[in-house]
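**Q** need a structure here:
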Amino acid sequence: MQNPLRALFGRAFYYTWHRPTALLRDCLREGGPLEQKRTERGRAEMEAAAAHLPVLASPAGAAFEVHVLTGRRFWYQTAFCLWSLGRHLGRPLAPIIYDDGSLGGPWREPLLRLFPLARVVEQPDALAHLDAHLPAARFPTLRDRWVNYPHIRKIIDPHVCGGGWKLVADSDLLFFRRPDFLLEWADSPRCPLHAVDCETSYGYPRPLMDRLAENPTADLVNVGLTGLNSSEIDWDRLENWCQGLRANGGDSYYLEQALVAMLLAGRQCAVAPRTDYVTLPRPPEVRECRAVMHHYVAESKRWYFQHNWRRVQN
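**A** Now for the predicted structure:
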(Lines give C-alpha, C1' and ligand atoms only; values in the text may rest on other atoms or scores of the structure.)
Protein backbone atom coordinates (compact mmCIF):
# COMPACT_ATOMS: atom_id res chain seq x y z
CA MET A 1 0.00 0.00 0.00
CA GLN A 2 1.26 3.47 -0.87
CA ASN A 3 2.45 5.59 2.04
CA PRO A 4 -0.17 8.40 2.51
CA LEU A 5 2.47 10.93 3.51
CA ARG A 6 4.56 10.08 0.46
CA ALA A 7 1.50 10.40 -1.77
CA LEU A 8 0.73 13.79 -0.22
CA PHE A 9 4.25 15.06 -0.87
CA GLY A 10 4.07 13.67 -4.39
CA ARG A 11 0.87 15.60 -5.17
CA ALA A 12 2.30 18.73 -3.57
CA PHE A 13 5.46 18.46 -5.69
CA TYR A 14 3.40 17.96 -8.84
CA TYR A 15 1.20 21.02 -8.27
CA THR A 16 3.89 23.35 -6.91
CA TRP A 17 6.75 22.47 -9.23
CA HIS A 18 6.21 19.94 -11.99
CA ARG A 19 2.94 21.31 -13.41
CA PRO A 20 3.89 25.04 -13.23
CA THR A 21 7.26 24.24 -14.79
CA ALA A 22 5.63 22.32 -17.62
CA LEU A 23 3.14 25.15 -18.25
CA LEU A 24 5.95 27.73 -18.32
CA ARG A 25 7.99 25.58 -20.70
CA ASP A 26 4.98 25.19 -23.02
CA CYS A 27 4.30 28.93 -22.88
CA LEU A 28 7.87 29.78 -23.87
CA ARG A 29 7.91 27.15 -26.61
CA GLU A 30 4.68 28.57 -28.02
CA GLY A 31 6.06 32.11 -28.17
CA GLY A 32 4.83 33.54 -24.87
CA PRO A 33 1.38 34.49 -23.53
CA LEU A 34 0.55 36.97 -26.33
CA GLU A 35 1.34 34.37 -28.99
CA GLN A 36 -0.74 31.81 -27.12
CA LYS A 37 -3.70 34.21 -27.21
CA ARG A 38 -3.22 34.79 -30.93
CA THR A 39 -3.02 31.05 -31.49
CA GLU A 40 -6.24 30.41 -29.57
CA ARG A 41 -7.99 33.20 -31.48
CA GLY A 42 -6.77 31.68 -34.76
CA ARG A 43 -7.96 28.24 -33.65
CA ALA A 44 -11.46 29.58 -32.94
CA GLU A 45 -11.52 31.35 -36.32
CA MET A 46 -10.42 28.14 -38.05
CA GLU A 47 -13.26 26.23 -36.39
CA ALA A 48 -15.79 28.84 -37.51
CA ALA A 49 -14.40 28.86 -41.06
CA ALA A 50 -14.59 25.07 -41.37
CA ALA A 51 -18.38 25.20 -41.24
CA HIS A 52 -18.43 27.42 -44.35
CA LEU A 53 -15.89 25.74 -46.61
CA PRO A 54 -17.31 25.24 -50.11
CA VAL A 55 -18.02 21.76 -51.40
CA LEU A 56 -15.33 20.78 -53.89
CA ALA A 57 -16.19 19.69 -57.40
CA SER A 58 -15.93 15.91 -57.73
CA PRO A 59 -13.79 14.99 -60.74
CA ALA A 60 -13.97 11.70 -62.57
CA GLY A 61 -11.75 8.77 -61.63
CA ALA A 62 -11.31 6.15 -58.98
CA ALA A 63 -12.13 7.34 -55.48
CA PHE A 64 -9.23 7.94 -53.09
CA GLU A 65 -9.88 6.45 -49.64
CA VAL A 66 -8.35 7.77 -46.46
CA HIS A 67 -9.25 6.80 -42.89
CA VAL A 68 -9.41 9.37 -40.07
CA LEU A 69 -10.43 9.31 -36.39
CA THR A 70 -12.16 12.46 -35.17
CA GLY A 71 -14.73 13.95 -32.83
CA ARG A 72 -16.09 17.16 -31.40
CA ARG A 73 -12.67 18.58 -30.47
CA PHE A 74 -11.04 17.95 -33.85
CA TRP A 75 -13.78 17.89 -36.50
CA TYR A 76 -12.74 21.24 -37.99
CA GLN A 77 -9.11 20.09 -38.30
CA THR A 78 -10.38 16.96 -40.05
CA ALA A 79 -12.43 19.19 -42.36
CA PHE A 80 -9.44 21.31 -43.37
CA CYS A 81 -7.17 18.27 -43.71
CA LEU A 82 -9.56 16.44 -46.03
CA TRP A 83 -10.62 19.58 -47.90
CA SER A 84 -7.01 20.59 -48.60
CA LEU A 85 -6.28 17.02 -49.71
CA GLY A 86 -9.37 16.81 -51.90
CA ARG A 87 -8.69 20.03 -53.78
CA HIS A 88 -5.32 18.71 -54.99
CA LEU A 89 -6.17 15.07 -55.72
CA GLY A 90 -7.67 15.40 -59.18
CA ARG A 91 -10.01 12.51 -58.33
CA PRO A 92 -12.92 11.92 -55.92
CA LEU A 93 -12.16 11.76 -52.20
CA ALA A 94 -13.98 9.11 -50.16
CA PRO A 95 -12.99 9.47 -46.50
CA ILE A 96 -13.90 6.89 -43.88
CA ILE A 97 -14.44 8.80 -40.64
CA TYR A 98 -14.31 7.02 -37.27
CA ASP A 99 -16.40 8.69 -34.58
CA ASP A 100 -14.51 8.82 -31.27
CA GLY A 101 -17.88 8.93 -29.50
CA SER A 102 -18.30 12.70 -29.52
CA LEU A 103 -19.06 13.44 -33.19
CA GLY A 104 -22.65 14.64 -32.76
CA GLY A 105 -24.79 16.27 -35.40
CA PRO A 106 -23.39 19.83 -35.22
CA TRP A 107 -19.91 18.50 -35.96
CA ARG A 108 -20.79 15.57 -38.21
CA GLU A 109 -23.10 17.42 -40.60
CA PRO A 110 -20.45 19.85 -41.92
CA LEU A 111 -18.16 16.89 -42.72
CA LEU A 112 -20.91 15.03 -44.58
CA ARG A 113 -21.81 18.21 -46.46
CA LEU A 114 -18.21 18.78 -47.54
CA PHE A 115 -17.52 15.17 -48.47
CA PRO A 116 -20.57 13.52 -50.05
CA LEU A 117 -18.70 10.22 -50.50
CA ALA A 118 -17.74 10.06 -46.81
CA ARG A 119 -18.77 7.19 -44.59
CA VAL A 120 -18.98 7.56 -40.81
CA VAL A 121 -18.25 4.54 -38.62
CA GLU A 122 -20.33 5.04 -35.49
CA GLN A 123 -18.76 4.15 -32.16
CA PRO A 124 -21.40 1.44 -31.41
CA ASP A 125 -20.42 -0.21 -34.71
CA ALA A 126 -16.74 0.03 -33.80
CA LEU A 127 -17.47 -1.60 -30.44
CA ALA A 128 -19.41 -4.38 -32.16
CA HIS A 129 -16.40 -5.02 -34.41
CA LEU A 130 -14.18 -5.15 -31.34
CA ASP A 131 -16.41 -7.66 -29.62
CA ALA A 132 -16.43 -9.82 -32.74
CA HIS A 133 -12.71 -9.69 -33.54
CA LEU A 134 -10.93 -8.58 -30.34
CA PRO A 135 -12.95 -10.00 -27.43
CA ALA A 136 -11.91 -8.52 -24.10
CA ALA A 137 -11.21 -11.90 -22.51
CA ARG A 138 -8.56 -12.65 -25.14
CA PHE A 139 -7.26 -9.12 -25.78
CA PRO A 140 -7.52 -7.34 -22.41
CA THR A 141 -4.67 -4.90 -23.01
CA LEU A 142 -5.78 -3.76 -26.45
CA ARG A 143 -9.33 -3.31 -25.17
CA ASP A 144 -8.11 -1.34 -22.15
CA ARG A 145 -5.98 0.91 -24.35
CA TRP A 146 -8.89 1.40 -26.77
CA VAL A 147 -10.93 2.86 -23.90
CA ASN A 148 -8.20 4.77 -22.07
CA TYR A 149 -5.75 5.68 -24.86
CA PRO A 150 -7.77 6.81 -27.92
CA HIS A 151 -4.69 7.13 -30.15
CA ILE A 152 -4.56 3.35 -30.48
CA ARG A 153 -7.94 3.42 -32.22
CA LYS A 154 -6.11 4.65 -35.33
CA ILE A 155 -4.49 1.23 -35.50
CA ILE A 156 -7.46 -0.82 -34.35
CA ASP A 157 -10.64 0.65 -35.83
CA PRO A 158 -9.67 0.81 -39.54
CA HIS A 159 -7.94 -2.58 -39.51
CA VAL A 160 -9.79 -4.85 -37.08
CA CYS A 161 -12.20 -6.18 -39.71
CA GLY A 162 -9.48 -6.91 -42.28
CA GLY A 163 -9.93 -5.80 -45.84
CA GLY A 164 -6.52 -5.11 -47.36
CA TRP A 165 -4.44 -1.95 -47.61
CA LYS A 166 -5.63 1.23 -45.90
CA LEU A 167 -4.16 4.72 -45.55
CA VAL A 168 -4.76 6.33 -42.14
CA ALA A 169 -4.11 10.04 -41.59
CA ASP A 170 -4.05 12.39 -38.61
CA SER A 171 -6.35 15.40 -38.68
CA ASP A 172 -3.69 18.08 -38.09
CA LEU A 173 -2.34 17.88 -41.65
CA LEU A 174 -2.65 20.44 -44.43
CA PHE A 175 -1.95 19.76 -48.11
CA PHE A 176 -0.58 22.42 -50.45
CA ARG A 177 0.13 20.40 -53.61
CA ARG A 178 -0.84 17.20 -55.39
CA PRO A 179 0.27 14.22 -53.22
CA ASP A 180 1.72 12.11 -56.02
CA PHE A 181 3.54 9.81 -53.60
CA LEU A 182 0.28 8.92 -51.82
CA LEU A 183 -1.63 8.51 -55.07
CA GLU A 184 0.97 6.15 -56.50
CA TRP A 185 1.02 4.09 -53.30
CA ALA A 186 -2.79 3.89 -53.12
CA ASP A 187 -3.05 2.74 -56.73
CA SER A 188 -0.54 -0.08 -56.25
CA PRO A 189 0.43 -0.72 -52.60
CA ARG A 190 3.19 -3.29 -52.29
CA CYS A 191 4.61 -2.49 -48.86
CA PRO A 192 3.65 -0.48 -45.76
CA LEU A 193 3.84 3.31 -45.81
CA HIS A 194 4.83 5.76 -43.12
CA ALA A 195 5.78 9.41 -42.71
CA VAL A 196 9.07 10.66 -41.26
CA ASP A 197 9.24 12.23 -37.81
CA CYS A 198 11.34 15.25 -36.80
CA GLU A 199 12.94 13.04 -34.13
CA THR A 200 12.54 9.44 -33.04
CA SER A 201 9.71 9.38 -30.46
CA TYR A 202 8.56 5.97 -29.32
CA GLY A 203 8.34 6.40 -25.56
CA TYR A 204 9.96 3.03 -24.85
CA PRO A 205 13.55 1.70 -24.80
CA ARG A 206 14.63 0.59 -28.25
CA PRO A 207 16.21 -2.66 -26.98
CA LEU A 208 12.83 -3.61 -25.49
CA MET A 209 11.01 -2.81 -28.72
CA ASP A 210 13.57 -4.68 -30.84
CA ARG A 211 13.41 -7.72 -28.57
CA LEU A 212 9.62 -7.91 -28.65
CA ALA A 213 9.46 -7.30 -32.40
CA GLU A 214 12.33 -9.74 -33.04
CA ASN A 215 13.71 -7.20 -35.52
CA PRO A 216 15.42 -3.82 -35.24
CA THR A 217 12.96 -0.93 -35.37
CA ALA A 218 13.75 1.91 -37.74
CA ASP A 219 14.33 5.48 -36.66
CA LEU A 220 11.90 8.36 -37.24
CA VAL A 221 8.70 6.42 -37.96
CA ASN A 222 5.79 8.86 -37.75
CA VAL A 223 2.14 7.84 -37.79
CA GLY A 224 0.71 11.07 -39.22
CA LEU A 225 0.40 9.00 -42.40
CA THR A 226 0.34 5.21 -42.13
CA GLY A 227 -0.45 2.64 -44.79
CA LEU A 228 -0.91 -0.92 -43.52
CA ASN A 229 -2.45 -4.12 -44.85
CA SER A 230 -5.20 -4.99 -42.39
CA SER A 231 -5.02 -8.66 -43.31
CA GLU A 232 -1.36 -8.86 -42.25
CA ILE A 233 -1.82 -7.61 -38.68
CA ASP A 234 -1.32 -10.34 -36.08
CA TRP A 235 -3.58 -9.17 -33.25
CA ASP A 236 -2.31 -11.75 -30.76
CA ARG A 237 1.20 -10.47 -31.35
CA LEU A 238 0.04 -6.87 -30.96
CA GLU A 239 -1.62 -7.78 -27.67
CA ASN A 240 1.60 -9.36 -26.42
CA TRP A 241 3.62 -6.32 -27.49
CA CYS A 242 1.26 -4.00 -25.64
CA GLN A 243 1.56 -6.13 -22.52
CA GLY A 244 5.35 -6.28 -22.80
CA LEU A 245 5.80 -2.55 -23.39
CA ARG A 246 3.55 -1.55 -20.52
CA ALA A 247 5.00 -4.12 -18.13
CA ASN A 248 8.54 -2.93 -18.75
CA GLY A 249 8.05 0.73 -19.62
CA GLY A 250 4.69 1.82 -18.26
CA ASP A 251 2.20 3.86 -20.26
CA SER A 252 3.35 6.29 -22.92
CA TYR A 253 1.71 8.92 -25.10
CA TYR A 254 3.71 7.42 -27.98
CA LEU A 255 2.49 3.81 -27.60
CA GLU A 256 0.67 3.94 -30.94
CA GLN A 257 3.82 5.12 -32.72
CA ALA A 258 5.94 2.47 -30.99
CA LEU A 259 3.54 -0.28 -32.07
CA VAL A 260 3.53 0.88 -35.70
CA ALA A 261 7.36 1.02 -35.68
CA MET A 262 7.36 -2.56 -34.38
CA LEU A 263 4.86 -3.69 -37.02
CA LEU A 264 7.21 -2.25 -39.66
CA ALA A 265 10.43 -3.58 -38.09
CA GLY A 266 12.58 -5.45 -40.60
CA ARG A 267 10.23 -4.66 -43.50
CA GLN A 268 10.74 -2.69 -46.68
CA CYS A 269 8.56 0.42 -46.51
CA ALA A 270 7.35 3.25 -48.71
CA VAL A 271 8.70 6.23 -46.79
CA ALA A 272 7.10 9.60 -47.50
CA PRO A 273 9.84 12.01 -48.70
CA ARG A 274 10.57 14.15 -45.67
CA THR A 275 11.07 17.34 -47.71
CA ASP A 276 7.57 16.99 -49.21
CA TYR A 277 5.73 15.51 -46.22
CA VAL A 278 7.02 17.62 -43.34
CA THR A 279 6.48 16.81 -39.68
CA LEU A 280 6.93 19.86 -37.42
CA PRO A 281 7.53 22.46 -40.17
CA ARG A 282 9.87 25.26 -39.12
CA PRO A 283 10.86 28.57 -40.75
CA PRO A 284 11.31 29.21 -43.58
CA GLU A 285 9.20 26.22 -44.73
CA VAL A 286 6.38 26.86 -42.27
CA ARG A 287 6.03 30.35 -43.82
CA GLU A 288 6.60 29.46 -47.47
CA CYS A 289 4.66 26.15 -47.60
CA ARG A 290 6.64 24.73 -50.51
CA ALA A 291 6.13 21.11 -49.39
CA VAL A 292 3.22 18.89 -50.40
CA MET A 293 2.02 18.50 -46.80
CA HIS A 294 2.65 19.78 -43.29
CA HIS A 295 1.97 17.84 -40.10
CA TYR A 296 1.53 20.46 -37.37
CA VAL A 297 2.84 19.08 -34.10
CA ALA A 298 4.33 20.78 -31.03
CA GLU A 299 5.32 24.43 -31.54
CA SER A 300 4.35 24.47 -35.23
CA LYS A 301 0.70 24.58 -34.19
CA ARG A 302 0.82 28.36 -33.81
CA TRP A 303 1.58 28.63 -37.54
CA TYR A 304 -1.20 26.15 -38.24
CA PHE A 305 -3.84 28.04 -36.27
CA GLN A 306 -2.69 31.60 -36.90
CA HIS A 307 -1.75 31.44 -40.57
CA ASN A 308 -1.67 28.32 -42.69
CA TRP A 309 -5.28 27.18 -42.66
CA ARG A 310 -6.01 30.60 -44.15
CA ARG A 311 -3.43 29.97 -46.89
CA VAL A 312 -5.14 26.68 -47.70
CA GLN A 313 -8.58 28.30 -47.76
CA ASN A 314 -7.44 31.08 -50.05
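
**Q** pLDDT score for the spatially most central residue of the chain?
**A** In the chain, the centroid-proximal residue (Cα atoms, centre = their mean) is residue 170; its distance is 3.2 Å. pLDDT for residue 170: 98.

**Q** if we ignore the residues flanking it in sequence, what's nearest it?
**A** residue 224 (4.6 Å; Cβ to Cβ, 6 or more residues apart in numbering). To be clear about C-beta, it is placed using only N, CA and C from the backbone, and glycine gets the same treatment.

**Q** tell me the secondary structure for that neighbour?
**A** strand (DSSP: H, G, I helix; E, B strand; the rest coil).

**Q** might one say that it is in contact with residue 193?
**A** No. Using Cβ atoms under 8 Å, residue 224 is not in contact with residue 193; the gap is 11.2 Å.

**Q** could you pull out the strands for the chain?
**A** Ranges of strands within the chain are 64-70, 93-99, 119-121, 165-169, 173-175, 193-196, 221-229, 270-271, 277-279, 293-295, based on DSSP state E.

**Q** the spatially closest residue to residue 240 that is not a sequence neighbour: how many residues sit nearby?
**A** Excluding its sequence neighbours, the residue lying closest to residue 240 (Cβ to Cβ, 6+ apart) is residue 212, at 7.4 Å. Residue 212 sits with 22 neighbouring residues when counted by other Cβ atoms under 10 Å.

**Q** read off the pLDDT value for residue 212.
**A** So residue 212 comes in at 98 (pLDDT).

**Q** look up how far residue 58 lies from it.
**A** 45 Å (Cβ to Cβ, to the nearest Å).

**Q** residue 246 now?
**A** 45 Å.

**Q** ok, residue 293 next?
**A** 21 Å.

**Q** more neighbours: the two, which one.
**A** Taking neighbours as other Cβ under 10 Å, residue 293 and residue 58 compare with residue 293 leading, 27 against 15.

**Q** if I pick that one, what's in contact with it?
**A** Under the criterion of Cβ atoms under 8 Å, 6 or more residues apart in numbering, the neighbours of residue 293 are 173-176, 179, 225, 276-278.

**Q** ok, residue 146 next?
**A** So residue 146 contacts 130, 152-153, 156 (Cβ under 8 Å, 6+ apart).
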